[in-house]
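after the sequence you'll find the predicted model.
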Amino acid sequence: MTSAPHPEHDSEELCPAGTELYERALREGHVTAEAAHAAPCLVDLGLLHPAVDDFHRLAPVAPAVALHRLLRTSGERIARERRREEQLAKSFEPLMSVEGHRAEADATPTLRLLSGKEQINKAITEALSDASRELLTIQPRSALPRERVAAAYAVAIRRDQTLLDRGGRIRTLYQHTLRHSPTTAAYHEQLKGDIEARALDEITDRLIIVDRDLAFIPADGNGGLALEIRHPAIVGYLATTFDRLWRLATPVFPQAAPQPSCDGITPRQRAIAALLVEGHTDAVIADRLGMNIRTARVHIAKLAATLGSQSRAQLGYLIGRSGILDRER
């Protein structure tokens with residue numbers, strides 16, 4: 001029967017098998033070389049050595065002698081490490097004062113998780129208090145009660161006006177369902193300065209970019225967590241995404257561009273048609289376009305009536321045959 005493999009352990013530790021064999025060697029005066037195979041750590045630590053009169057036996061070293069030698073070896077290693085620490089400190093000492101401002105800037109985390117609406121709003125307010133150039137925001141439809149949305153806009157009006165007063169500009173992307181919202185209209189009417197807004201049928205989740213230096217994005221689905229981003233590459237990517245969506249969007253403020261119907265199909269119905277042919281349910285369509293499901297179903301019914309559809313399957317066929325999705329919006 002083969003013995004169990006010797007367990008790995010620190011080079012200066014005695015495993016249970018080694019302790020037992022060493023005790024046996026001390027009691028009996030020796031052990032066989034074959035027995036020592038079960039605890040090779042004893043030879044590595046110098047606790048056993050070949051007997052002078054018989055190389056097939058291993059004699060134990062006195063514990064006091066072994067301990068003194070091991071402590072001396074450990075002390076020498078510690079001394080080497082301390083000398084190495086001193087050398088590293090000496091090498092880095094003249095570098096510690098180089099580009100001190102850069103080191104201080106590097107101490108600022110590039111990503112920070114904000115928890116709770118109070119902390120999130122405080123971070124956004126502090127960022128805007130230092131802003132001087134530009135605020136870019138994407139504002140999807142909110143699931144919050146109307147009173148809380150109105151309160152949030154009231155805070156935003158006071159906060160954003162300070163940026164406009166410093167000569168900054170504000171650009172906001174909405175979903176089309178928000179373009180005629182009373183709260184949205186009140187926000188734009190009360191602010192004075194360089195402010196523009198555009199709308200798309202579908203937009204990303206909420207996004208705030210300040211001076212193209214830092215950004216805020218949601219970190220969960222209920223608005224209780226947000227991510228503050230200061231990494232230049234990530235913020236630059238988000239700003240570029242905003243710019244490209246902005247070019248595709250329809251102006252709504254200060255001058256609203258008309259959204260003409262085509263053959264009786266409104267732009268909203270055309271957006272719904274695109275999602276219908278992809279096979280989405282009414283609930284998904286409503287969520288994607290920022291409207292409640294009842295409104296979505298009203299638009300679907302009007303679209304079906306315009307195209308003369310009698311069923312959901314026929315509606316998809318008629319949408320494809322009509323060519324309304326091939327026309328430029």
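Yep, it's here.

quick check: domain ranges of this protein?
Annotated domains of the chain cover 16-61, 107-253, 267-322 [automatic domain parsing].

quick one, strands of the stretch 151-300 of the chain?
Per DSSP state E, counting those that start in this stretch, the stretch 151-300 of the chain carries strands over the ranges 169-175, 194-200, 207-210, 214-218, 225-229, 250-253.

coming back round to it: which stretch among the domains of the chain comes nearest residue 82?
domain 16-61 (23.7 Å; CB to CB). Bear in mind the C-beta positions are built from the backbone N, C-alpha and C, glycine included.

now that closest one: mean pLDDT?
The average pLDDT for domain 16-61 rounds to 82.

how about stretch 77-97?
pLDDT averaged over stretch 77-97 gives 84.

same check, this time on stretch 297-315
Mean predicted confidence for stretch 297-315 is 81.

residues contacting that stretch, please?
264-265, 268-269, 272-273, 276, 282, 285, 318-319, 322 (CB atoms under 8 Å, 6 or more residues apart in numbering).

closest to residue 56 out of those?
Nearest member of the contacts of stretch 297-315 to residue 56, counting by CB to CB, is residue 285, at 86.3 Å.

OK, contacts around the closest one?
272, 275-276, 296, 300.

one step back: quick one, which of the strands of the stretch 151-300 of the chain is nearest to residue 65?
When these are compared (using CB to CB), the closest one is strand 225-229, at 62.0 Å.

what is the distance between the closest one and the centre of its chain?
In terms of CA atoms, centre = their mean, to the nearest Å, the centre of strand 225-229 is found 8 Å from the chain centre.

what average pLDDT does that strand get?
Strand 225-229 comes out at a mean pLDDT of 94.

equivalent analysis for stretch 185-205, please.
85.

what about that stretch, distance to the chain center?
Relative to where its chain is centred, stretch 185-205 has its mean C-alpha point 27 Å off (CA atoms, centre = their mean).

try stretch 236-249
For stretch 236-249, the distance to the chain centre is 20 Å (CA atoms, centre = their mean).

please identify the buried residues of that stretch?
Within stretch 236-249, the residues scored as buried using 16 or more other CB atoms under 10 Å are 238-239, 242, 245-246, 249.

before we move on, back to that, just give me the closest of the contacts of stretch 297-315 to residue 129.
residue 268 (38.5 Å).

can you tell me the closest non-neighbouring residue to that closest one?
residue 299 (5.9 Å; CB to CB, 6 or more residues apart in numbering).

burial check on the one you found, number of neighbours?
As a burial measure, residue 299 scores 20 neighbours (other CB atoms under 10 Å).

that one and residue 126: what is the separation?
Residue 299 is 42 Å from residue 126, where distance means CB to CB, to the nearest Å.

dump the domains of the chain to TSV, plus distance to residue 73.
Listed next are these as TSV, based on distance: least, CB to CB, whole Å:
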stretch	distance to residue 73
domain 16-61	9
domain 107-253	41
domain 267-322	69
